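Undergrad: Turn this into a structure:
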Amino acid sequence: MVIAAMSLLVDGAGPFAEIALWILHGLLLVALIRRLGARESSTYAALFVVITSVMSVYVFDLARDDLTLQHRGEGVTATVVKERIDPAQGRRARHSHYELRREDGSRVPGPEMMTTSDLYDVGQVLTVIEDPEGALRPRTPGQADATGELFGAGAPAFAALGAVGWMTWRGSDAARRRDERMRPGGMSRVYKRATGNASTREEQEERLREVLRTQPADRRGYIKVQPEEYPDVPQQRAARIAWETGLRAEALGNRGSWRFGEKVIEEVPHD
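TA: Purely as a prediction, here's the structure:
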């Protein structure tokens, strides 16, 4: 919808208005994607959608004149009576411009026909499509074929739609996972689904006891355990299990791990 609207506004609005509208479009996309839940990649996704949308609008604008000419144009036989080539400007492409006249000697209406290279000579007879209203340049039937431009406009448009769809799915999935983590026991279910660990709480507690009995302590006298491996065992319950094996649970400086030792700085209270 935005691509279609900008295609209609591309001629009516000035460049500053167009830039402002595209910036507004990007900001709204960021807000929308964040609202959907995909917060981490919202800015990059919005930037990709805006860039592909701009490309689509630009290419479609090139095809619009061809489509209009095909719709209301008339085929005539014309002769090239004058030719001029743009002056050289560095590495910029030089376009050729042709003044055309009909068989009755009248000038073909509209601006001069233009090509990107020197294709025709003075006196050459061509079949062209002219605009009765004189607003569009005459073109040969081959030049007026907008198939390539339409495909070129459609590709980035589908890429933009695909990005929006992807971020919508990703946002809903991220929101679902956040909601699951916030529910009681949510982290346990997330861990079990990610690792395939389907052990019960009793099995996890027994495994923790075995680790605390057999694993050697590090040079600081601690046994480190990763709590993710025991998703159904709260830290206070782990402290109780450690106390039963003659150890204490450290409450300070764990950095994502559980630490157990005979002596600790501050003990985790156990049930």
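Undergrad: how about stretch 242-261: buried residues?
TA: For stretch 242-261, the neighbour count (16 or more other C-beta atoms under 10 Å) marks 242-243, 247-251, 254, 258-261 as buried. Any C-beta I mention is one placed from the backbone N, CA and C, and that applies to glycine too.
Undergrad: which of these lies closest to H95?
TA: Comparing the buried residues of stretch 242-261 against H95 with C-beta to C-beta places N254 closest, at 70.8 Å.
Undergrad: which residues are contacting the top strand by length along the chain?
TA: If you go by DSSP state E, the chain has its longest strand at strand 74-85. Strand 74-85 is contacted from outside by 94-103, 108, 118, 120-130, 132, 138, 141, using C-beta atoms under 8 Å, 6 or more residues apart in numbering.
Undergrad: swap the cut-off to 10 Å and go again
TA: With C-beta atoms under 10 Å, 6 or more residues apart in numbering as the contact definition, strand 74-85 has outside contacts at 94-108, 112-113, 117-132, 138, 140-141, 144.
Undergrad: What about those, which are in strands?
TA: Filtering the contacts of strand 74-85 for strands - DSSP E - leaves 96-102, 113, 125-130.
Undergrad: If any of those residues are buried, put those into a ChimeraX selection.
TA: Burial among the ones in strands among the contacts of strand 74-85 is assessed by 16+ other C-beta under 10 Å; the matching ChimeraX selection reads:
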select :96,98,99,100,113,126,128,129,130
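Undergrad: What is the most widely separated pair among the ones in strands among the contacts of strand 74-85?
TA: S96 and R102 (20.3 Å).
Undergrad: ok, and R207, which helix or strand is that part of?
TA: helix 201-214 (DSSP states H and E).
Undergrad: Which strands or helices does that helix pack on?
TA: strand 223-225, helix 235-244, strand 258-261 (3 or more C-beta pairs under 10 Å, 6 or more residues apart in numbering; DSSP states H and E).
Undergrad: want to throw those into CSV with mean pLDDT and distance to Q204?
TA: Shown next, in CSV, are the helices and strands packed on helix 201-214 (pLDDT from 0 to 100; distance: least, C-beta to C-beta, whole Å):
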stretch, mean pLDDT, distance to Q204
strand 223-225, 94, 11
helix 235-244, 92, 10
strand 258-261, 94, 13
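Undergrad: Tell me which of these lies nearest to G90.
TA: Closest among those, once you apply C-beta to C-beta, is strand 223-225, at 66.2 Å.
Undergrad: What strands line up against the closest one, and which way round?
TA: Strand pairing for strand 223-225, using DSSP bridges, gives strand 258-261 (antiparallel).
Undergrad: Identify all contacting residues around the strand it pairs with.
TA: By C-beta under 10 Å, 6+ apart, strand 258-261 touches 208, 211-212, 215, 217-218, 220-227, 229-230, 233, 235, 238-239, 241-243, 245-253, 265, 267-268.
Undergrad: All the helices of the protein, residue numbers only.
TA: 2-12, 15-36, 42-72, 147-182, 186-195, 201-214, 235-244 (DSSP state H).
Undergrad: Buried residues in the last one, which are they?
TA: For helix 235-244, burial by neighbour count (16+ other C-beta under 10 Å) applies to 235, 237-243.
Undergrad: What is the burial count for P234?
TA: The local packing of P234 (other C-beta atoms under 10 Å) involves 12 other residues.
Undergrad: and A155, how many residues sit next to it?
TA: 14.
Undergrad: what about the spatially closest residue to P132 that is not a sequence neighbour, neighbour count?
TA: Leaving aside its sequence neighbours, P132 sits nearest to E74 (C-beta to C-beta, 6 or more residues apart in numbering; 6.1 Å). For E74, the neighbour count with other C-beta under 10 Å is 11.
Undergrad: Show me what E74 is bridged to.
TA: Bridge pairing for E74 - DSSP bridges - gives E130.
Undergrad: can you check T115 too?
TA: S96.
Undergrad: pLDDT below threshold where in the stretch 1-150 of the chain?
TA: 1-47, 54-63, 146, 148-150 (pLDDT under 70).
Undergrad: One more pass at 80, please.
TA: Low-confidence segments of the stretch 1-150 of the chain (pLDDT under 80): 1-67, 70, 90-93, 144-150.
Undergrad: re earlier: please tell me how far the residue nearest to P132 sits from Q215.
TA: Distance of E74 to Q215, computed by C-beta to C-beta, to the nearest Å: 89 Å.
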